[in-house]
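>>> Model the following, please.
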Amino acid sequence: KLDKLTAGEAETARQALRAASLWLDAASEINPLSGPNMAWTRLDWIAHSLPTFKRLLDPVGENIARAFGESLTAQIEYAPEEMRNLLPNTDSLLQNITASMLGMQYGSALADLAASSFGSTDTGLPLTEGSTAALVPANIAEFSKDLEVPASEILSYIAVREVAAARLYTGVPWLRARVLDTVAEFAQGIEIDTSAIEDKIRDISLDNPQAIQEIDLDGIFSLGLSPAQEDALE
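Prediction:
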């Protein structure tokens, strides 16, 4: 999708955020935001959100990489000797393969979110640090297109929700860290079904490691929750 933002679109979004702040002044005791109101392209959304998503996704990625490494190492050990000789640096190979695979998987997921997110808080997570609010006008316009409601009213509603959530996370200093730490704790405990991984890579030839990058990760996560995960979920 085209990722453009005109000066007019950006100013309309910032005006909606300013109006939302004025309305909330009368309805909330939480102080206004001290930072700027921002309008983002989809690429801006990814750039501002990536540090938070990296913090949440890294524990899952480490578990996936470890499980894939164990499965691939076992497959390499049973490979013909002449094939093993072509793969002298197994650790480096596995690291590069899994990093590339996870990069493609995460990149695709973030691109989908970037094409549908309205601002910095509508995923349910506080994606950005600082006392700011932001909107993605292109996504709001796309969402509004087929609704029988004036686009200006939809923009106002989304702006109020964005500013209210941003005020909450700014006004309660410990809340953002607590929410993200809890999600990270849950992610840390996600276990990988190694048998499912073995099934996915069994038919992949070692002389074509690029094929591993395209493996679908659906079905590799164990469904059971540990006590710590249950606590985090609660």
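>>> so where's this structure uncertain?
Filtered on pLDDT under 70, the chain yields the residue ranges 1-2, 73-95, 97, 200-218.
>>> Residue for residue, what is the longest helix it has?
Longest helix in the chain by number of residues (criterion: DSSP state H): helix 42-77.
>>> Can you give me every residue that contacts residue 130?
Taking Cβ atoms under 8 Å, 6 or more residues apart in numbering, we find residue 130 in contact with 35, 170. Using the backbone N, CA and C atoms, a C-beta is placed for each residue, glycine as well.
>>> Just read off the phi/psi values of it.
phi 100, psi 160 (degrees, to the nearest 10).
>>> pretty sure residue 220 is touching residue 196, no?
Yes. Judged on Cβ atoms under 8 Å, residue 220 makes contact with residue 196 at a distance of 4.6 Å.
>>> and these two? which has more neighbours close in?
Under the criterion of other Cβ atoms under 10 Å, the comparison of residue 220 against residue 196 puts residue 220 first, with 20 against 16.
>>> Got the phi and psi for that one?
The phi/psi pair for residue 220 (degrees, to the nearest 10) reads phi -90, psi -10.
>>> residues contacting it?
Neighbouring residues of residue 220 by Cβ under 8 Å, 6+ apart: 64, 67, 192, 193, 196, 197, 200.
>>> and the nearest residue to residue 106 once chain neighbours are set aside, how far is that from residue 173?
Here the nearest residue to residue 106 in space, its sequence neighbours aside, is residue 57; by Cβ to Cβ, 6 or more residues apart in numbering that works out to 5.9 Å. Counting by Cβ to Cβ, to the nearest Å, the separation of residue 57 from residue 173 is 25 Å.
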